[in-house]
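1. The sequence and its predicted three-dimensional model are supplied below.
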Amino acid sequence: MPKRAWTWGVPAALLGLLAAGSVYATTTPRYALYRLGTAVQQHDVAAALRYFDVEHIADRATEVLVTDYLARQPAPATEAEANGRQLVASLARRRLRPQVAARVRAEIRRSVERTGVPQAAVAVPVGVVAVLQAFDVSREGPDAWISYRDPVQGPIRFRMARQPGEPWKISEFDPDWVRRRAQEEPVRLR
């Protein structure tokens with residue numbers, strides 16, 4: 001009887017470990033990047049958008065752009081100038097954010113539609129091996145910072161976050177990358 005327990009017990013334990021490993025693997029940022037790469041390869045814009053938190057990306061990018069603009073302006077000399085500066089910053093954020101969100105969506109759409117073309121704004125490595133080799137994932141609390149080297153744009157770094165019941169999503173790009181993209185095609189307040 002003990003031999004029969006081993007005969008069924010070992011395969012059952014291995015199957016359990018394999019199932020647990022599969023569940024864990026599908027809840028990592030690398031798996032989300034793999035799924036994003038698959039969506040890009042299939043030119044599926046809707047599926048690719050599931051892996052971007054466009055609203056949060058727009059918030060952070062708008063903050064970077066407004067902060068950079070204000071840093072180039074003379075420092076306020078009076079309290080009234082400081083209050084005016086805060087008002088200008090608030091209005092700029094409110095006017096700029098929808099344009100930045102629209103641009104993020106357009107960049108994602110353009111990148112997915114241009115898969116394989118060097119001018120794509122977001123070029124994600126595709127395939128299990130490429131995802132494992134290309135991306136450097138460093139966990140920071142509940143979030144993860146991802147970095148990789150794009151052949152055209154150079155180093156790209158972004159943050160991924162996960163909400164309960166959702167896949168990992170890109171939620172913020174490195175401020176230097178935002179500045180480079182803004183210089184290539186400036187966003188204007190309308």
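-> It's in. Residues are numbered from 1 along each chain as shown.
2. Let me know the average pLDDT across the helix ranked longest in the chain.
-> Taking DSSP state H as the criterion, the chain has its longest helix at helix 79-113. For helix 79-113, mean pLDDT is 89.
3. three-state assignment of the residue nearest the centre of the chain?
-> Nearest residue to the geometric centre of the chain (Cα atoms, centre = their mean): residue 170, 2.3 Å. With DSSP: H, G, I helix; E, B strand; the rest coil as the basis, residue 170 sits in strand.
4. Can you check the pLDDT for it?
-> Note on residue 170: pLDDT of 91.
5. do the one 10 residues further on as well
-> The predicted local confidence for residue 180 comes out at a pLDDT of 83.
6. One more: residue 33?
-> For residue 33, the predicted pLDDT is 85.
7. Please write out the alpha-carbon positions of stretch 140-149 in PDB.
-> C-alpha atoms of stretch 140-149 as PDB (Å, rounded to 0.1, in the frame of the first residue of the first chain):
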ATOM      1  CA  GLU A 140       9.200  48.900  -5.400                       C
ATOM      2  CA  GLY A 141       6.500  48.100  -2.800                       C
ATOM      3  CA  PRO A 142       3.300  47.100  -4.600                       C
ATOM      4  CA  ASP A 143       4.600  48.600  -7.900                       C
ATOM      5  CA  ALA A 144       7.400  47.600 -10.300                       C
ATOM      6  CA  TRP A 145       9.800  49.700 -12.300                       C
ATOM      7  CA  ILE A 146      10.600  48.200 -15.700                       C
ATOM      8  CA  SER A 147      13.500  49.200 -17.900                       C
ATOM      9  CA  TYR A 148      14.700  48.100 -21.200                       C
ATOM     10  CA  ARG A 149      16.800  49.400 -24.100                       C
END
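8. what sits up against it?
-> Contact with stretch 140-149 is made by 29, 33, 125, 134-138, 155-162, 168, 170-171, as judged by Cβ atoms under 8 Å, 6 or more residues apart in numbering. Where C-beta positions appear, they are placed from N, C-alpha and C, glycine not excepted.
9. And it, how far out from the chain middle?
-> The chain centroid and the centroid of stretch 140-149 are separated by 9 Å, computed with Cα atoms, centre = their mean, to the nearest Å.
10. repeat for stretch 86-94
-> 25 Å.
11. For that stretch, buried residues please.
-> Within stretch 86-94, the residues scored as buried using 16 or more other Cβ atoms under 10 Å are 92, 93.
12. Surely residue 51 and residue 170 touch.
-> Yes - counting by Cβ atoms under 8 Å, residue 51 does reach residue 170; the two are 6.3 Å apart.
13. I'd like the list of the contacts of stretch 140-149 that fall within strands, please.
-> Judged by DSSP state E, strands contain the following of these: 136, 137, 138, 155, 156, 157, 158, 159, 160, 161, 170, 171.
14. neighbours of the second one, just the number please.
-> To tie it back to what came earlier, the one meant is residue 137. Neighbour count of residue 137, defined by other Cβ atoms under 10 Å: 16.
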